[in-house]
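**Q** the sequence isn't on hand, but the structure is:
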């Protein structure tokens, strides 16, 4: 499936600032970047880099006082791997690849140590496998209200668990937290998401099952097979679309993800979907 | 300097359990493992692995019901790189190596987002460089009481900041948190520490300054140049000496770090000390 | 029903200290103090007072360096008011007595503002009345594990809700929190509890229903009609059996509550029980 | 000094709601209500009551669907008791009146148990008395930034202590917390405040010193002797100007406090100010 994704971002910089962006689509495996342009106004030099472990792509700019605008536009070919949920097993901790182990640890927004007893009580008796994570997502969807503005940048999954309200990043954090508490490696993914309403950067999560990372979205706000991965990490702390050192005033961002010829019905899939290469 | 380090660990396993240990000394660079033995009783097969990014060494065991004992013994040659504090600069975020950036992000026990205003007020006006981090350590040493049992596995640096009491891991978490809040990458290090009283695993931190990671210990409980690195990560969540899946009952651990011929006076150094290779 | 209750408390006082005790049985209404003795060794003068609103009885001592021992012994006649659960209504906030309103507010250990959405989701559709509070207690009993040592003096009901483990004070805090979130005034009660195993001070809660305060105990560890009220307040912060200003070292306390001729079967009542006078 | 104070409040009520207001000036002692009017539109019956212990005045309304408006207007004669700071002692816990003891306990927003070590370190060595509390206010004024929107209704004094930013209620909570940690009873006061810019309800605190409650305002945003007390309690949880049961949509409130003939210079007093009767 071909998608056109992109965003417009602008900041008024009060004084010189360093900005690190992570807005470019990941490249490789099931997600091919056919074409892309990053336009920076004024025409500043942006250092480019890709983190070796996560594959996250960074642009780092030193911006003088004044207005800076970024436009990212990309054509993506998405060929997600599809699996049958009932055939995808969990992996015992004794057999997990070493590089997945850090994703069992608690992180800033995913204090899995605090919710382990509940996770065991609620999800411990569900048969192991993909569908157990799907049940976690169902639980979150049913028990937590999606309410814009109900959380902020300090909100952890333990807060969301108590408050029973949140937005996409909170839903992802809670899913990750429950998975880790059960011994399932899980990580945070920021993405462009086709059909998301209103259009914005989206946040979902990946759990390591069988021999790869599968996508999950407890919000049910967008099609799993219409997501273009941008950043990946322990939680939202690792995947900010912009990290800013200095004083800046942001303009409203604009994000888009279009798939003109896509088959809408197919998008709301019941397949397990994997697009991560590692 | 040559050190003999090691530990005795034992668990009574209620039923089959998976245990992942990170107790072996890191190898490479300024820390050479001359000789080492890991004895597991009964003679179980322990999968061995080294995490590519951190260099942490793991042993993973599936342990049947009953008693399991580990003894680790190693001879280490430590040749720390020594620097003159006043010559070691901070690195602007605009110039930091890409792989250090994750160590600017808040983590489970180091919510640097919550203490950034204080860090700016208290340490923002100190000239940048190694000595600013040394001042952070002085502040922690002076303002936080070292009290055994005053914290637990849920205690964050924000808690320690309010409570003004903690143990070595809390001191390290607070140092890391202040560094990150100021734009200095910082990470948690577990180690064997010569002269630590009473002997136990120790926790310190590393800050990225100049072109490498330098060791800091706000507790002042052991010599910086007598520390043998074991594990390294975002915070204590990444460097548990034992991670346990299953029900086990621990015996008291025993830890040692001896340096028979060492010059005691030299150990309490005023040099900046670096032993990390990456 | 007649009960013999009491306790032995002792402190080693490092230097002069002020101690405020709240260990004496409340007097009045459904709870009559037939006889009581408070023995203090050495024979210090203890100022005596009863708080006008709560009815809590305080003894305040200035204790010199050395050992201080208190023994409280009382004979209590308990004639609890019994009601039929299905006949006891909730009171609309619009009709609540003014003096009950503070018990709708969040307090140190009962942050009812944080759990209001969950309380509404889980208990909002249960018909109003005594049995709704009984359902809250059932939920706590079923969903939270009673585990000694699983909480400490900083643990709030929001923590207990996440951790799903606690002791009697945590069970009471959670019950109070849910009630307040639903608009039902609720308060914390410390008591002597017949049949509690092991014997100790106990903590339960009272909810205002109909025209009085009814007792509830989500732990199911003791008979509702065998409880002798000691202290009453917003939460455990108001009802410490000893408040200490100075450095002291406590000895283990001993608590008892006996009812020699009591009908054991009758004690495990299904009646609604009220013993508070206001 | 004569003040004209008042407020305009309006809500759009989605369905029937119960509203409890605490906006009327306290009466008695150093604060005399010369004249007052509460106008409710439409002309609903508002139950009136005064809490026996706090003296807080409540109006409780059952409001049908639609718009409800309140206007409160009052003429107040304020004759605060003035004291010389250096002559006002602290009261040892051993000598405190029984009814002040609850104001030593931690509360929802004032977890004095968590900041006691810091309070002892920072303020423990200051000579006891009024000026110690004044020093606490100086510390808060100097170390915490007053920033609108930096806190919300869940923010505790421990949060404010870490974040180093807040608004008037956070400043008051932190002052109360430090006082309690030092054994000084302290309570929260909502008020109309002459000269406050911009005009709004204000929050300050009272500490029990000598034989009465003295006012303190760590924000330094208004004159201590130009404050008209409205509500008083453990913390902000007890003194909401409006408590709402039901779904309502608030309009912006308007608050005023004028003192036409007042001597501006006199207002910024260095006297200790007390207006509470109990």
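**A** That came through fine. Note that this is a predicted model, so its numbers are computed, not measured.
**Q** which stretches in the stretch 51-200 of chain A count as helices?
**A** Listed in chain order, the helices found in the stretch 51-200 of chain A under DSSP state H, counting those that start in this stretch are A:116-123, A:130-143, A:157-163, A:168-181.
**Q** and among the ones you listed, the most buried is which?
**A** When neighbours are counted by mean count of other C-beta atoms under 10 Å in any protein chain shown, the highest per-stretch mean among the helices of the stretch 51-200 of chain A falls to helix A:168-181, a mean of 28. Every residue, glycine included, has its C-beta placed from N, CA and C.
**Q** quick one: that one to chain centroid distance?
**A** Between the centre of helix A:168-181 and the centre of its chain there are 11 Å (C-alpha atoms, centre = their mean, to the nearest Å).
**Q** stretch A:221-237 now?
**A** Between the centre of stretch A:221-237 and the centre of its host chain there is 3 Å, according to C-alpha atoms, centre = their mean.
**Q** want to try CSV for the helices of the stretch 51-200 of chain A, with distance to residue A:82 and mean pLDDT as columns?
**A** Supplementary listing: those in CSV, determined by distance: least, C-beta to C-beta, whole Å; pLDDT from 0 to 100:
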stretch, distance to residue A:82, mean pLDDT
helix A:116-123, 24, 97
helix A:130-143, 12, 97
helix A:157-163, 29, 97
helix A:168-181, 20, 98
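**Q** and of those, who's closest to residue A:3?
**A** Nearest to residue A:3 among those is helix A:168-181; the distance by C-beta to C-beta comes to 18.5 Å.
**Q** tell me what that closest one is packed against?
**A** Helix A:168-181 is packed against helix A:116-123, helix A:130-143, helix A:157-163, strand A:186-193, strand A:202-209, with contacts defined by 3 or more C-beta pairs under 8 Å, 6 or more residues apart in numbering or on different chains; DSSP states H and E.
**Q** so which of these comes closest to residue B:240?
**A** Once C-beta to C-beta is applied to the helices and strands packed on helix A:168-181, the stretch that comes out nearest is helix A:116-123, at 14.4 Å.
**Q** is that closest one anywhere near chain B?
**A** No. In terms of C-beta under 8 Å from any C-beta of the partner chain, no part of helix A:116-123 sits within range of chain B; the closest distance is 11.2 Å.
**Q** can you check stretch A:158-166 too?
**A** No. With C-beta under 8 Å from any C-beta as the criterion, chain B is not reached by stretch A:158-166; the gap is at least 9.9 Å.
**Q** got the contact list for the residue nearest the centre of chain A?
**A** Central residue of chain A (C-alpha atoms, centre = their mean): residue A:189, 2.0 Å from the mean position. In this structure, residue A:189 makes contact with A:172, A:203-206, A:215, A:227, A:229-232, A:239, judged by C-beta atoms under 8 Å, 6 or more residues apart in numbering or on different chains.
**Q** what parts of chain A come near chain C?
**A** A:114-115, A:117-118, A:121, A:143, A:145, A:158, A:161-165.
**Q** on that earlier part again, most neighbours, which of the contacts of residue A:189?
**A** Within these, neighbour counts (other C-beta atoms under 10 Å in any protein chain shown) peak at residue A:172, which reaches 32 neighbours.
**Q** quick one: that one from chain C, how far?
**A** Using C-beta to the nearest C-beta, to the nearest Å, we find residue A:172 at a distance of 18 Å from chain C.
**Q** what mean pLDDT does stretch A:57-67 get?
**A** Looking at stretch A:57-67 alone, the average pLDDT works out to 95.
**Q** quick one: buried residues of it?
**A** Of the residues in stretch A:57-67, those buried under the neighbour-count criterion (16 or more other C-beta atoms under 10 Å in any protein chain shown) are A:57-63.
**Q** closest one of those residues to residue C:91?
**A** Distance to residue C:91 across these (C-beta to C-beta) is lowest for residue A:58, with 59.6 Å.
**Q** would you agree that closest one is in contact with residue B:97?
**A** No. In this structure, residue A:58 sits apart from residue B:97 without contact. The criterion is C-beta atoms under 8 Å, and the distance is 11.5 Å.
**Q** make a markdown table out of the helices of the stretch 51-200 of chain A and add distance to residue A:15.
**A** As requested, the helices of the stretch 51-200 of chain A are exported to a markdown table (distance: least, C-beta to C-beta, whole Å):
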| stretch | distance to residue A:15 |
| --- | --- |
| helix A:116-123 | 46 |
| helix A:130-143 | 42 |
| helix A:157-163 | 34 |
| helix A:168-181 | 30 |
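**Q** any idea how far residue A:41 is from chain B?
**A** As defined by C-beta to the nearest C-beta, residue A:41 lies at a distance of 19 Å from chain B.
**Q** mind checking pLDDT for that residue?
**A** In the predicted model, residue A:41 carries a pLDDT score of 95.
**Q** what number of residues lie near the closest residue in space to it that isn't next to it in sequence?
**A** Nearest non-adjacent residue to residue A:41, counting by C-beta to C-beta, 6 or more residues apart in numbering or on different chains: residue A:69, 4.4 Å away. With neighbours defined by other C-beta under 10 Å, the count for residue A:69 comes to 13.
**Q** now do the contacts for the closest residue to chain D within the stretch 101-250 of chain A.
**A** The shortest separation between the stretch 101-250 of chain A and chain D is 8.0 Å, found at residue A:152 (distances taken as C-beta to the nearest C-beta). For residue A:152, the contacting residues are residue D:152, by C-beta under 8 Å, 6+ apart.
**Q** where does the stretch 1-150 of chain A have low pLDDT?
**A** Of all residues in the stretch 1-150 of chain A, none has pLDDT under 70.
**Q** now the strands for it?
**A** Secondary structure of the stretch 1-150 of chain A (DSSP state E, counting those that start in this stretch): strands located at A:2-13, A:17-21, A:31-41, A:46-50, A:57-63, A:66-78, A:81-83, A:145-146.
**Q** those strands: which one's closest to residue A:184?
**A** Relative to residue A:184, the nearest member of these by C-beta to C-beta is strand A:81-83, separated by 15.8 Å.
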